[in-house]
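1. Pasting the sequence and the predicted model now:
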Amino acid sequence: MIDNESYLMEPGAGAGAGPAEDHKEEKVTDDGGEYPMMEGMMTDEGFAAEGEVNLAPEGKLALPSAVVAIPTLSGIRSENFNSNAICERIHKVSSKWFQKKVNIVQCLIDELCVLNEPQRLEVVQLYSKKNKKNNLAKLIRANTKDCLRDVLLALTIPRCEYDAHWLNVALRKKSVNLLINILCAMSSEDVKKARLAYDALYPKTSLLKSVLDRTSGWFHKRTVQVFFSNLLEKGRPSDSDPIDKSLISKDAETLVKISKNTKLDKASFVEIFSLRSFEHLAAVAVEFQRICEGKDLISVIKESFKEQSETGYACNVTLFYATRRNELFADFLTKTIAKPGKHYDMLTRIVVSRSEVDLYNILQCYGHDKFREWTNKEFASSNRFYGKVVHHLCGFQNQPTEKKK
């Protein structure tokens, strides 16, 4: 809702004095009632999140354990974190008579965007306990809209629930590509949590049944259905589990053998890429390259499957996530910058879901300065508060800016 800095209070206007005469506030478009998460995505056609990953085969393979993940948001130090004081400050600003929405929004950004997920959820729970009739979600809905509303609401729920909302949108949009981009780029632990969250949020039909129903019929091959079934029902092993060197050699040799056959053995691809840990798959890719004297596995997958193959695409995204994770998300970032959509959904997903994991690595891969320059330009005249949230989550507010000469 707050898209323009002209809604800021006039100098000298006292708290509670109401809006200055020359600066009328934009009216709230709803009554602050329930707002479906990311509902705007349903009206965005062909937005970035549905685009196919298209990284070049050439790239440095790396086991996930060998890459140090650097977050851009780590939260407030425990000794300085006081959830009660944060709740009091938010309530003090939001409960003032004739308070301007811009002040409430700024307060929410300042308080929420410096906390990590456990700290935010503690604040959300305590605020709801203290203000039963007006929790943080209602406060956000009443004072924001569109991308700003979505990103702030995303910060008030557990990551697994946010993932569940995305899966629901993918199913409603009937987008198998989007399902692949989500499920094949999530750890086994996160997939399990998202499935439980989805089944709790959307109890009418389980996630497993919804996905299998969506990938059945004439337009989808059974192999992609088996791929999703393996991910959701059996689950791939955790990357923290020890890898079996003999199984790595066996899988690599199997892939070398089937890549030479004239008839494609999809079942073996599905088994290996949906039922092995990412750490294991990265080691398989390295071993495959050694056996084939430099030929990379990504090229083999592209050559083996048809261009429109959903199973081939699932194998590709899985392998990218296993071996070149930062490049994968940097590619998503490139797509969302080229085609951000009205609601900046994919940008929100990247900064919200990766800020406490490896967003620094992703931005380093894309280009920190390049991305910051784009955000400064993109949100210079509209969606300024959304831009502020993005800057907070990317850690840009702690970095010095160049002074104008």
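-> Arrived safely, thanks for sending. Residues are numbered from 1 along each chain as shown.
2. Now do Lys370: how many residues are near it, please.
-> 10 (other CB atoms under 10 Å). Using the backbone N, CA and C atoms, a C-beta is placed for each residue, glycine as well.
3. Let me know the helix or strand that it is in.
-> Assessed by DSSP states H and E, Lys370 sits inside helix 368-378.
4. what's the answer for Gly75, then?
-> Counting by DSSP H and E, Gly75 is found in no helix or strand.
5. Tell me if I'm right that it and Leu115 touch.
-> Yes - contact criterion CB atoms under 8 Å: Gly75 and Leu115 qualify, at 5.2 Å.
6. neighbour count winner among these two?
-> Leu115 (21 against 16).
7. can I see the domain layout of this structure?
-> According to automatic domain parsing, the chain comprises the domains 78-154, 173-324.
8. need those domains in CSV with distance to Ile70 and mean pLDDT, can you?
-> Below are the domains of the chain laid out as CSV (distance: least, CB to CB, whole Å; pLDDT from 0 to 100):
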stretch, distance to Ile70, mean pLDDT
domain 78-154, 14, 93
domain 173-324, 16, 91
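9. Distance to Lys342 for those - can I get that in TSV?
-> Shown next, in TSV, are the domains of the chain (distance: least, CB to CB, whole Å):
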stretch	distance to Lys342
domain 78-154	7
domain 173-324	15
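10. Distance of Gln106 relative to Leu112?
-> 11 Å (CB to CB, to the nearest Å).
11. Would you indicate which residues of stretch 184-194 are buried?
-> Within stretch 184-194, the residues that count as buried by 16 or more other CB atoms under 10 Å are 184-188, 190-194.
12. Contact partners for Tyr162?
-> 37, 154, 349, 352-353 (CB atoms under 8 Å, 6 or more residues apart in numbering).
13. Would you mind identifying the next helix or strand past the helix holding Lys370?
-> helix 384-393.
14. pretty sure Gln364 is in contact with Asn326, am I right?
-> Yes - Gln364 is within contact range of Asn326, at 7.3 Å (criterion: CB under 8 Å).
15. Neighbour count: the two, which is higher?
-> Asn326 (20 against 14).
16. what's near enough to touch the more buried one?
-> Contacts for Asn326 (CB under 8 Å, 6+ apart) come out as 67, 358, 361-362, 364-365.
17. got it, and Ile90?
-> Under the criterion of CB under 8 Å, 6+ apart, the neighbours of Ile90 are 107-108, 111, 127, 136, 139.
18. 10 Å - rerun?
-> 104, 107-108, 110-112, 123, 127, 130-131, 136, 139 (CB atoms under 10 Å, 6 or more residues apart in numbering).
19. Can you verify my assumption that Ile86 contacts Leu115?
-> Yes - Ile86 is within contact range of Leu115, at 7.9 Å (criterion: CB atoms under 10 Å).
20. Beyond whichever helix in the chain runs longest, next helix or strand please.
-> Using DSSP state H, we find that the single longest helix of the chain is helix 245-260. Of the helices and strands lying after helix 245-260 in sequence (DSSP H and E), the nearest is helix 266-274.
21. buried residues in that following helix?
-> Of all the residues in helix 266-274, those buried under the rule 16+ other CB under 10 Å are 266, 269-274.
22. Then stretch 254-267?
-> Across stretch 254-267, burial judged by 16+ other CB under 10 Å covers 254-256, 258-259, 264, 266.
23. Now do the helices in the stretch 1-150 of the chain.
-> Applying DSSP state H, counting those that start in this stretch to the stretch 1-150 of the chain gives helices spanning 83-94, 101-112, 117-130, 136-143, 146-154.
24. The first one to helix 136-143, inter-axis angle?
-> Right, helix 83-94. Put simply, helix 83-94 runs at 20 degrees to helix 136-143, going by axes from the mean of the first three to the mean of the last three CA atoms, to 10 degrees.
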